[in-house]
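structure of the sequence below:
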Amino acid sequence: MTIRLRAHHLLCMLTYVGKGYTPAFTAGYDRIAERLSRGEEIVIVEGPDDVCAPLLGEAEPHCFNESVLERDWQAARDVGDLLGRRIGVGERIAPDALLLARLRSGFAAGLTRTACTGCEWTGLCGAVVANGWSGVKVGGPPC
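Alright, predicted model coming up:
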């Protein structure tokens, strides 16, 4: 199987520690985190993805907001620059230990955080980095 992720979720997955918008969202993300940790392939999509799925039944899911689409664009650009490759719709990525370590290093250094500006989870993500990635559910802390 393949995990469908929008570009900014390449950043969110790095600091995911089991907190989320709703219990259904968190349960779904936990399942996705397990799959990512097993190295299941990611395909980049435009708009709502597998992480967003539990929120799509809300009256006005934020997943469609222009600000979220902008977040995706910024994340794709920054992650692509960090990895030296294009990150766009249809791109396939293997979330192996080397990739996660490179993404976490860039995230900790602030190289890929443009997309995080204005995000309500920024404080939590900063705390996860400050605590040495303790408790992350995708791939575990870097060596």
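
show me where this structure dips below the pLDDT cut-off.
For the chain, the stretches with pLDDT under 70 are 56, 140-143.

quick one: the helices in it, in order.
9-15, 23-37, 66-83, 97-108, 122-130 (DSSP state H).

comparing the ones you listed, which comes out most buried?
Compared across the helices of the chain, helix 9-15 shows the largest average neighbour count, a mean of 23 (mean count of other CB atoms under 10 Å). In this view, the C-beta of every residue, glycine as well, is placed from N, C-alpha and C.

returning to what we had before: distance to E91 added to the helices of the chain, as JSON lines?
Shown next, in JSON lines, are those (distance: least, CB to CB, whole Å):
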{"stretch": "helix 9-15", "distance to E91": "10"}
{"stretch": "helix 23-37", "distance to E91": "16"}
{"stretch": "helix 66-83", "distance to E91": "9"}
{"stretch": "helix 97-108", "distance to E91": "13"}
{"stretch": "helix 122-130", "distance to E91": "23"}
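
out of the ones you listed, flag the one nearest T2.
Nearest to T2, of all the helices of the chain, is helix 23-37, at 9.5 Å by CB to CB.

helices and strands around the closest one, which ones?
On a contact count with 3 or more CB pairs under 8 Å, 6 or more residues apart in numbering; DSSP states H and E, helix 23-37 meets strand 3-5, helix 9-15.

export the ones you listed to JSON lines and tack on distance to A127?
Below are the helices and strands packed on helix 23-37 laid out as JSON lines (distance: least, CB to CB, whole Å):
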{"stretch": "strand 3-5", "distance to A127": "23"}
{"stretch": "helix 9-15", "distance to A127": "9"}
